[in-house]
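> dropping the sequence and predicted coords here.
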Amino acid sequence: MGRAVLSAAGFALTGGLAADPSGVVYIAPEPDHLGRVLLVCVEPLDLSPRGLELAAATLRMICTTFASAPGAPADALVAAFAAANTMIVAENRPLVTGRWERRICVGATGIVLAGREIVVAQTAPSQAILVQDGQIYAFPNVESWRGDFVPVAPVTATHPLGFAEEGTPQLFRSEAASGDLVVLCATGVGRALAGDEEAILNLYGGSLLTADLEGSTDRLERLLARHDVSDAYAVVASVGRLPHRPRFRAALTRPPVVDGLRDSAIELAETLAAHRARTPVSATRQSALDALGAMSVQRYRESPGLPAEWRANLPRGSGMNVPARLLAVSLMLFVALGGTGIAVGHQRDRDARAESSLIEADVALQSVRDNPGSAMSSVAEAERAVARARESGATGDAFTRREQELARVRDEVYGIRRLGDVVQIGALPRETTSGPVHLAISGQTLFVAAGTLYELDADQQRLIALLSRGDAVADGAAGDLRHVSIDDGAVVASDGEANYIRDSVGRWQRLPLAIADIGGLRPDTPVISWGDAAYGISWDGDIIRFDSSASGPLATIWAATEDAPDLELAHDFTIDGRIHVLLDDGRTMTFSRGALAGTMSPFVVPALTATSFLAAAPFSNALYIVDRGGSIGGNVGRIVRVDTAGDAVQYLTPASAADDLSGDAAALTLADAEDLVVDELSGTVYWVSAGEIWRARLALV
């Protein structure tokens, strides 16, 4: 066998016009130094110019990272997808344009040909098809695009690249042979195939995708035209000759001798079976064929005999005709030093470990009910047991029930309440993301200070600019407005040098602060107006009171670090008639008339780890602490409500269900929260996270 020879033909359509597919599809012209041939396609969820730009960047990142990653094809693909995911997350983080839209994500499929091995990695949404031995293996099942599709087994979904901090693709493996076809295409092609019965029959009957590459692409293009699909692409590649195996074998997982025997057996079987005719596809067999990429690996996971990755190559349905390469694999069962028994034994060991871990979880959860005094320790044991079961491959309804029961019991033991109706209602303009953001609420009106002072129009889902940086105000101009508070019903903004408040006729007035008298304020703490005065924290940690007088602005030390040394640890503060200061270890100091009235340390499990800021609800004595680092189950970030008696209740967003992408995003949003306000009268809480504005319902009973 010489170098791999891949012949390819394809097309792309943008708005119904011919386009260049090179921005979304890459096929390596020759093997790399490790003998690997890479094929990649990408597809943005948003077909905007920005979406296409990110898709092209994703394609380049996958190709570049794969080329520099040593080792087995699967390991290199995982590394490439991880690098692409990190890049998209970084690109999306500053991309907040003021429009009400989610971050841009990208689906991708990567296929590597290395010797006789084909490895497929995929994150949704994407579509790819392999044609081997006249059989069709689709990633995912093309019929899954139909609304009435019912999977025969649970399907493990993947998140698109850029959706979460970590993105792991699904991996599949098959055996390669000369003449195999690889089709990389847009999901629009999969949808068109799923909605066309004739096309489905032609696909599985072998007349849609053939060795005539130009004819195959022409038939796909005609299919899209029939279904009025104007934005899509498809590239059909044919495997000519297989690549040499790498000279350096240390990175491969199979023993070299076994590889050589297996390849020789496959070649012999193909030679002996070359005269065999292809089995016609009957209607019954057509309906029974299942896609490797969708469910087959899970479907055969518990079947006796061949391991899942070998059984995935079996044709299914009536009129079964064993393909040539399966004869070789069967022969290798007796040659490869008991490999099958080892693989099956390994799978059985994993199943046994998973089952044992689930039993341990059941015992721990029962102990929570029977022994309330040690409930927290039992919850921790149940968490560890469920984690071990997951690592051992536990899936299905039995495992899901344990996870749900663990979440319910943990919420009860830890005193957790779940926020309701969690929705993203807006995003900040791009130019506001370079500094801190503060919120204030008056009645049901939310105000946002993010360089410009905004009022949120919740009905129209838009931000209304009330005062912008550079606007002329009295004898000066507004600066970078990063602070906002409510004083006796009036909204007061501040740029750290002056306060801005509207007079009786609605004109903005500028009230300078005597910043120079105290040497400056800490930029990471707010400026809050209360009772015709303003308060801030100086660089020395003192609480400063700002007043206006006939002789000009005044600044006095309201509470000094000399009297309360812990003020040097101040992280944030809020005012409700008294001043409450949040320290970086989670304690809250309360001051009245400039004197320390008391210190409160809330008790919650798990303990506070990354307290970020403090909020007070109007007409309430409770305080709300945001702990960005609090990790409980699938949630990261939490809100802790502390009342005057020191009793604490923690709030989390709802635990996300399987395949719930919006739930997954909500479960992590408090980890990046920048500020939060609460209105207990309406039971509403707002927060800003990574430039996005979120709202939720707060249950107080």
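That came in fine, so what should we check first? Numbers count the residues shown, from 1 in each chain.
> mind saving the C-alpha coords of stretch 674-691 as CSV?
Output in CSV follows, covering the C-alpha atoms of stretch 674-691 (Å, rounded to 0.1, in the frame of the first residue of the first chain):
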residue,chain,number,x,y,z
GLU,A,674,-21.1,40.5,38.0
ASP,A,675,-23.9,42.0,40.0
LEU,A,676,-27.3,41.1,41.4
VAL,A,677,-30.5,42.8,42.6
VAL,A,678,-33.5,41.3,44.4
ASP,A,679,-37.1,42.5,44.8
GLU,A,680,-38.8,40.3,47.4
LEU,A,681,-42.1,42.1,46.9
SER,A,682,-42.5,40.7,43.4
GLY,A,683,-40.2,37.7,44.0
THR,A,684,-37.9,38.7,41.2
VAL,A,685,-34.1,38.5,41.0
TYR,A,686,-31.9,40.0,38.2
TRP,A,687,-28.2,39.5,37.6
VAL,A,688,-25.6,40.2,34.9
SER,A,689,-23.3,37.3,33.8
ALA,A,690,-20.7,37.6,31.1
GLY,A,691,-22.5,40.5,29.6
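> how far off centre is that stretch?
23 Å (C-alpha atoms, centre = their mean, to the nearest Å).
> for stretch 526-533, same thing?
Centre-to-centre, stretch 526-533 and its host chain are 39 Å apart (C-alpha atoms, centre = their mean).
> again, but for stretch 578-596
On C-alpha atoms, centre = their mean, the centre of stretch 578-596 falls 37 Å from the chain's centre.
> which helix or strand in this protein has the lowest average pLDDT?
Counting by mean pLDDT, DSSP states H and E, the chain has its least confident helix or strand at helix 297-299, which shows a mean of 29.
> are we agreed that residue 111 is in a strand?
Yes - with DSSP: H, G, I helix; E, B strand; the rest coil as the criterion, residue 111 is assigned to a strand.
> strands of the stretch 1-150 of the chain, residue ranges please.
Taking DSSP state E, counting those that start in this stretch as the test, the strands found in the stretch 1-150 of the chain are 6-14, 17-19, 25-27, 36-44, 106-114, 117-123, 127-132, 135-139.
> SS state for residue 225?
Quick answer, by three-state DSSP: residue 225 is helix.
> per-residue pLDDT, it?
We have a pLDDT of 90 for residue 225.
> in the stretch 601-701 of the chain, which spans are helices?
Counting by DSSP state H, counting those that start in this stretch, the stretch 601-701 of the chain has helices at residues 661-669.
> no no, the chain
With DSSP state H, the ranges of helices along the chain come out as 49-68, 73-92, 187-194, 197-205, 213-226, 256-272, 283-288, 297-299, 308-311, 324-332, 339-370, 375-391, 396-414, 661-669.
> redo the ones you listed as a markdown table? Include distance to residue 471.
The way it works is simple: take the backbone N, C-alpha and C, and place the C-beta from them, glycine included. Below are the helices of the chain laid out as a markdown table (distance: least, C-beta to C-beta, whole Å):
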| stretch | distance to residue 471 |
| --- | --- |
| helix 49-68 | 30 |
| helix 73-92 | 31 |
| helix 187-194 | 47 |
| helix 197-205 | 60 |
| helix 213-226 | 52 |
| helix 256-272 | 72 |
| helix 283-288 | 68 |
| helix 297-299 | 60 |
| helix 308-311 | 65 |
| helix 324-332 | 73 |
| helix 339-370 | 58 |
| helix 375-391 | 53 |
| helix 396-414 | 48 |
| helix 661-669 | 32 |
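> for residue 461, which of the ones you listed is the nearest?
Closest to residue 461 of these is helix 661-669 (C-beta to C-beta; 16.3 Å).
> may I see the buried residues of the closest one?
Residues of helix 661-669 classed as buried: 661, 663-669 (neighbour count, 16 or more other C-beta atoms under 10 Å).
> likewise stretch 41-60?
Buried residues in stretch 41-60, counted by 16+ other C-beta under 10 Å: 41-46, 51-52, 54-60.
> what do you get for stretch 57-75?
57-63, 65-66, 69, 72-74.
> farthest pair in these?
The distance between the two most remote of the buried residues of stretch 57-75 (C-beta to C-beta) is 25.9 Å, for 57 and 72.
> care to break the protein down by domain?
6-253+279-320, 344-413, 418-697 (automatic domain parsing).
> find the residue at the geometric middle of the protein.
The structure's the chain has its C-alpha centroid closest to residue 164; by C-alpha atoms, centre = their mean the separation is 2.0 Å.
> I'd say it and residue 671 touch.
No - proximity of residue 164 to residue 671 does not meet the contact threshold set by C-beta atoms under 8 Å, at 11.2 Å.
> quick check: residue 368 touching residue 408?
No - contact criterion C-beta under 8 Å: residue 368 and residue 408 do not qualify, at 10.4 Å.
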